[in-house]
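S.K.: Quick one, fold the following:
(chains A and B)
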2 protein chains.
Amino acid sequence: MCELLGMSANVPTDICFSFTGLIQRGGKTGPHRDGWGIVFYEGKGYRTFKDPNPSCDSKIAELVQSYPIKSCAVISHIRQANRGEVSLVNTHPFTREIWGRYWTYAHNGQLTGYEDLPTGHFKPVGETDSEKAFCYLLHEIEQHYPDKPEDMTDVFRFIASRCDKLRALGVFNMLFSDGDYVMSYCTNNLHWITRRAPFGKASLIDEEVTVDFQEETTPNDVVTVIATQPLTNNETWHKMQPGEYCVFHLGEVITCNRAEIALQSENTISGSA
Amino acid sequence: MCELLGMSANVPTDICFSFTGLIQRGGKTGPHRDGWGIVFYEGKGYRTFKDPNPSCDSKIAELVQSYPIKSCAVISHIRQANRGEVSLVNTHPFTREIWGRYWTYAHNGQLTGYEDLPTGHFKPVGETDSEKAFCYLLHEIEQHYPDKPEDMTDVFRFIASRCDKLRALGVFNMLFSDGDYVMSYCTNNLHWITRRAPFGKASLIDEEVTVDFQEETTPNDVVTVIATQPLTNNETWHKMQPGEYCVFHLGEVITCNRAEIALQSENTISGSA
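M.R.: Coordinates of the predicted model:
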């Protein structure tokens, strides 16, 4: 398995604090030794840092941790390989273009029977179930929406419906972004937190680091962090439900099917009574 | 205009020495202050480092310069913007997938009348003539070769024919790679050198650095470096001719239309007598 980390913010924000927590799990406090990667959007452009080496002793991770790259949309991943060898080509996140936008994706989980998923002209380069699933999602999006529609909420609902199909093949937790929106989809392990004024202090679980966000922010900042497991031990994180998806934009959650999921699960309970 | 740097090698080789020379031209010994980027292939995977800031005072360029990342195929670019604003989305190299391989491209020059080039489903994300030309080349390749053909020499000859069309629109010097092959195409400024045993010493033009390749290599190493202008002042670089293209594989030049070009230019001379 792996760990995911994402961020959505209304002002360019650095992710040094959360990333510091995450990379400890890449071989030190966690077993995810098989590479790591991070994508920072800047406008429609992006930067990627990747390394098939453990994040806890990567020179490049050290740079990312100490050099505050500010962004409104970030996706990161540390890997514990299950399918596909440990190599750069299999290191998440993956980025491809549709509608003249770069889309970035990272996956946590494992799928079976994914080999025949249609991917059209989006051909996987590596050997992972994750990249295959990414190509499948892009292909489905492009087939369903040859051009970028006005209403992006619609697109994310559609993507979630395809994620449901992937969830039927195993464990599928994922982060997805076009640089404007950050989408999270949960099978079993995904948490998020939105920080806004009044900001307080937060302490990392994986490293003895405390940050006082009040010193780092302005009163209008809104920043959401999404992670496989909570990264801090003195804040309340939302735990996502199986089949739940959330879409974040400029730090705020703008769509979430939590109510629907709750209803479904009630119905299931009453159905089995 | 911009400067290009490429490398093809038969063993994973670091490009620290050449990159050190190049980045001085990014705002110090040269005017290319509008960003820089470098792609290192590792197998079918790749790493990219990019920055819209001048390379001569970039923290990330410093890392790339000091941390020897070894690769058999590298493409790098420093930018002096002409078309498209200074931003990450317009920073070369650009990378996209066809046939389940990542293709990387960087361009030096300027085109006019490029707006209507067909690009199919490869939509530019930024605003540069360079990225548009890249999307055009990928589209043409995919149209002409829906699947990867056996003979890649054929593919590069085809790409060169499309480069000829781009050259008719202005200045088109470029580097192109799928991680196995590195192709260079020249309109006016492109030089290359192949280093092999017996290795000697080389001195950078742009910085007081000398390297003794004999200390850094084994007798079987073959390394080709391609650059807009020669990077060293004590070696003989091949100057490419207008319309010339070369394909390098594992450090060796495997195809080059130099003889053809020479013949064409002789014919032109006798035709005008």
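S.K.: Please identify the helix or strand for A:Phe19.
M.R.: Using DSSP states H and E, A:Phe19 sits within helix A:16-24.
S.K.: Now look at that helix and say if it contacts chain B.
M.R.: No: legend: contact between helix A:16-24 and chain B by Cβ under 8 Å from any Cβ of the partner chain is lacking; minimum distance shown is 13.5 Å. In short, each C-beta sits where N, CA and C put it, glycine included.
S.K.: And the closest residue to chain B within the stretch 151-273 of chain A, how close does it get to B:Val89?
M.R.: Closest contact between the stretch 151-273 of chain A and chain B, by Cβ to the nearest Cβ, is at A:Gly179 (9.3 Å). Applying Cβ to Cβ, to the nearest Å, the value for A:Gly179 to B:Val89 is 9 Å.
S.K.: what do these two both touch?
M.R.: Common contacts of A:Gly179 and B:Val89, defined by Cβ atoms under 8 Å, 6 or more residues apart in numbering or on different chains, comprise A:43-44.
S.K.: Quick one: the helices in chain A, in order.
M.R.: Secondary structure of chain A (DSSP state H): helices at A:16-24, A:59-66, A:129-144, A:152-167, A:213-216, A:258-271.
S.K.: Among those helices, show me which one is buried the most.
M.R.: Using mean count of other Cβ atoms under 10 Å in any protein chain shown, the stretch among these with the largest mean neighbour count is helix A:16-24, at a mean of 23.
S.K.: May I have stretch A:103-121 as CSV, with CA atoms only?
M.R.: Only the C-alpha atoms of stretch A:103-121 are listed here, as CSV (Å, rounded to 0.1, in the frame of the first residue of the first chain):
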residue,chain,number,x,y,z
TRP,A,103,-4.3,16.2,-15.0
THR,A,104,-2.4,14.6,-12.1
TYR,A,105,-3.3,11.5,-10.3
ALA,A,106,-2.0,9.3,-7.5
HIS,A,107,-3.5,6.0,-6.2
ASN,A,108,-3.4,4.0,-3.0
GLY,A,109,-4.7,0.5,-3.0
GLN,A,110,-4.6,-2.6,-5.2
LEU,A,111,-6.8,-3.8,-8.0
THR,A,112,-7.4,-7.2,-9.6
GLY,A,113,-8.8,-7.9,-13.0
TYR,A,114,-7.8,-4.5,-14.2
GLU,A,115,-5.9,-5.7,-17.2
ASP,A,116,-8.8,-5.3,-19.7
LEU,A,117,-9.8,-1.8,-18.7
PRO,A,118,-10.2,0.2,-21.9
THR,A,119,-7.7,3.1,-22.2
GLY,A,120,-8.0,4.3,-25.8
HIS,A,121,-5.0,6.3,-26.9
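S.K.: what does the stretch 101-250 of chain A put close to chain B?
M.R.: Counting by Cβ under 8 Å from any Cβ, the stretch 101-250 of chain A sits next to chain B at A:101-102, A:121-126, A:142.
S.K.: repeat that with 7 Å
M.R.: Within reach of chain B by Cβ under 7 Å from any Cβ of the partner chain, the stretch 101-250 of chain A has these residues: A:101-102, A:121, A:123-126.
S.K.: Next, count neighbours for the residue of the stretch 151-273 of chain A closest to chain B.
M.R.: 23 (other Cβ atoms under 10 Å in any protein chain shown).
S.K.: wait, isn't it in contact with A:Lys44?
M.R.: Yes: the pair A:Gly179 / A:Lys44 is scored as a contact, 6.0 Å apart, by Cβ atoms under 7 Å.
S.K.: what residues are shared contacts of these two?
M.R.: A:101-102 (Cβ atoms under 7 Å, 6 or more residues apart in numbering or on different chains).
S.K.: show me what contacts A:Asn173?
M.R.: A:4, A:108-109, A:185-190, A:228.
S.K.: Give me the buried subset of the residues you listed.
M.R.: Buried members of the contacts of A:Asn173, counted by 16 or more other Cβ atoms under 10 Å in any protein chain shown: A:4, A:108-109, A:185-187, A:189-190, A:228.
S.K.: which residue sits closest to A:Gln22 in space, ignoring its chain neighbours?
M.R.: Small correction: residue A:22 is Leu, not Gln. In this structure, A:Leu22 finds its nearest non-sequential neighbour in A:Leu5, 4.8 Å apart by Cβ to Cβ, 6 or more residues apart in numbering or on different chains.
S.K.: What distance do you get for the one you found to B:Gly35?
M.R.: Distance, A:Leu5 to B:Gly35, using Cβ to Cβ: 27 Å.
S.K.: ok, now how distant is the closest residue to A:Thr91 other than its chain neighbours from A:Ile205?
M.R.: Closest residue to A:Thr91 apart from its sequence neighbours, by Cβ to Cβ, 6+ apart: A:Gly35 at 4.2 Å. Taking Cβ to Cβ as the measure, A:Gly35 falls 22 Å from A:Ile205.
S.K.: quick one, which of those two is more surrounded?
M.R.: Neighbours per residue, other Cβ under 10 Å: of A:Gly35 and A:Ile205, the larger number sits with A:Gly35, 26 against 14.
S.K.: can you pull the pLDDT of the closest residue to A:Gly200 other than its chain neighbours?
M.R.: In this structure, A:Gly200 finds its nearest non-sequential neighbour in A:Phe213, 6.7 Å apart by Cβ to Cβ, 6+ apart. pLDDT recorded at A:Phe213 is 86.
S.K.: you'd agree A:Leu4 is up against A:Ala106?
M.R.: Yes: at 5.6 Å, A:Leu4 counts as touching A:Ala106 under the criterion of Cβ under 7 Å.
S.K.: Need the residues touching each of those two.
M.R.: A:77, A:175.
S.K.: Quick check: the closest residue to A:Pro118 other than its chain neighbours vs A:Arg96, distance?
M.R.: Of all residues not flanking A:Pro118 in the chain, A:His139 sits nearest, at 6.1 Å (Cβ to Cβ, 6+ apart). In this view, A:His139 and A:Arg96 are 10 Å apart by Cβ to Cβ.
S.K.: Overlap of the contact sets of the two?
M.R.: By Cβ under 7 Å, 6+ apart, the residues touching both A:His139 and A:Arg96 are A:Phe122.
S.K.: Looks like A:Lys28 contacts A:Cys56 (just checking).
M.R.: Yes: counting by Cβ under 7 Å, A:Cys56 is a contact partner of A:Lys28 at 4.2 Å.
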